[in-house]
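Trainee: Pasted the sequence and its predicted model underneath.
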Amino acid sequence: MPELPEVETVRAGLARWVVGRTVASVEVRHPRAVRRHRGGGADLTARLTGLRFEAASRRGKYLWLPLADRDGSRGEALVGHLGMSGQLLVRPVDAEDEKHLHIRIRFVGDQQELRFVDQRTFGGLLLDRLVPAADRPEENVPELIAHIARDPMDPHFDDALFTARLRRRGSELKRALLDQSLVSGVGNIYADEALWRAEVHGARRAGALDRATVARLLTEVRGVLADALQAGGTSFDALYVNVNGESGYFDRSLSVYGRDGLPCPRCGTAVRRIAFMNRSSYFCPRCQHPPRATVRKIV
DNA sequence: TATTTAACCTGGACGC
DNA sequence: TGCGTCCAGGTTAAAT
């Protein structure tokens, strides 16, 4: 499923294939794909047609394409989230429709079109107003995601601020890592991988971590994201904005995620799976010693 | 206010 | 083969 590295690969594809093009038509085929657009599909279609995409931006797992208005002024963007199974594909206009094709955008004088395809429809597109970023007013972000923190790959990510905010949290560490208002772009898979690399158990209290541990964790979060981004980049195909909405190309590099019962690559101890937040967490019980309460719960 | 839970959704895997 | 159940997980509204 798309996390930061996958979304960044999509953003790079959009920057190459979509930026500079003017929307000729929009077809919304599934209302759920535009459920977060206040005016619905007809409104999105009417307001987007005739506008030109100026850039391709990203924060965490959100993408947006700022629009040049008809009079040249800026103010809105097409915002997208891929959810768990969403794909943004650039396809020839005569290519067969995908089974779960929900939105089609055609461009003026172009034989390729942008398609939003999403099996589980957790993702979607909307048109949103751009507002100044809270920490850097010269930078615009869609209003919808103004509350989301920068991701650790962002050059303006503030390590000291993150450390301070994390250490004020009373919740478990993994829950904090998945909180997009604290740090964006980290999902269930890469949270588990980063925690394993840092040799920290996700059930530890965030507020109980010392600064050195937080620094080590942040380094490993960046490391796992960078590795995944590199893997995503190597599979990039020129025709598709993103070849693979299903996770896959980073699978070979996963150390604990999805490896219940298999040996930890570092110490050989069997990897454990526990239920957490209605999903699964994977960890090495030797490298990542659980806090006492968790030991009681999983034994 | 801060934190936690449940719901949304589809298709593959699995058990019977 | 067919049916029912479980599972995957990002986001957010609702509940605690």
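Mentor: The structure has been received and is ready for your questions. Numbers count the residues shown, from 1 in each chain, chains lettered A, B, ... in the order given.

Trainee: Got phi/psi on the nearest residue in space to residue A:104 that is not next to it in sequence?
Mentor: Spatial nearest neighbour of residue A:104, excluding adjacent residues (Cβ to Cβ, 6 or more residues apart in numbering): residue A:27 at 4.3 Å. Where C-beta positions appear, they are placed from N, C-alpha and C, glycine not excepted. Dihedral pair for residue A:27: phi -120, psi 110, per degrees, to the nearest 10.

Trainee: And for residue A:27, the neighbour number?
Mentor: With neighbours defined by other Cβ atoms under 10 Å, the count for residue A:27 comes to 14.

Trainee: Check the one 10 residues further on too.
Mentor: The local packing of residue A:37 (other Cβ under 10 Å) involves 21 other residues.

Trainee: what pLDDT does it get?
Mentor: Looking at residue A:37, its pLDDT reads 90.

Trainee: Pull the contacting residues for it.
Mentor: Contacts were defined as Cβ atoms under 8 Å, 6 or more residues apart in numbering; by that measure residue A:37 touches A:43, A:44, A:124, A:125, A:126, A:127.

Trainee: From residue A:16, how far out is whatever residue of the stretch 1-150 of chain A ends up closest to DNA strand C?
Mentor: Nearest to DNA strand C, among the residues of the stretch 1-150 of chain A, is residue A:61, at 3.8 Å (Cβ to the nearest atom of the strand). Distance, residue A:61 to residue A:16, by Cβ to Cβ, to the nearest Å: 20 Å.

Trainee: Contact residues of chain A facing DNA strand B?
Mentor: With Cβ under 7 Å from any atom of the strand as the criterion, chain A meets DNA strand B at residues A:32, A:84, A:99-100, A:119-122, A:169-172, A:175, A:277-278.

Trainee: Of these, which belong to helices?
Mentor: Members of the residues of chain A next to DNA strand B lying in helices (criterion: DSSP state H): residue A:175.

Trainee: still on that earlier bit, what's the closest of the contacts of residue A:37 to DNA strand B?
Mentor: Nearest to DNA strand B among the contacts of residue A:37, with distances taken as Cβ to the nearest atom of the strand, is residue A:124, at 10.9 Å.

Trainee: before we move on, back to that, pretty sure the residue of the stretch 1-150 of chain A closest to DNA strand C is touching residue A:5, no?
Mentor: No: judged on Cβ atoms under 8 Å, residue A:61 makes no contact with residue A:5 at a distance of 10.1 Å.

Trainee: circling back: OK, contacts around the residue nearest to residue A:104?
Mentor: Residue A:27 sits next to A:45, A:103, A:104, A:105, A:106 when contact means Cβ under 8 Å, 6+ apart.
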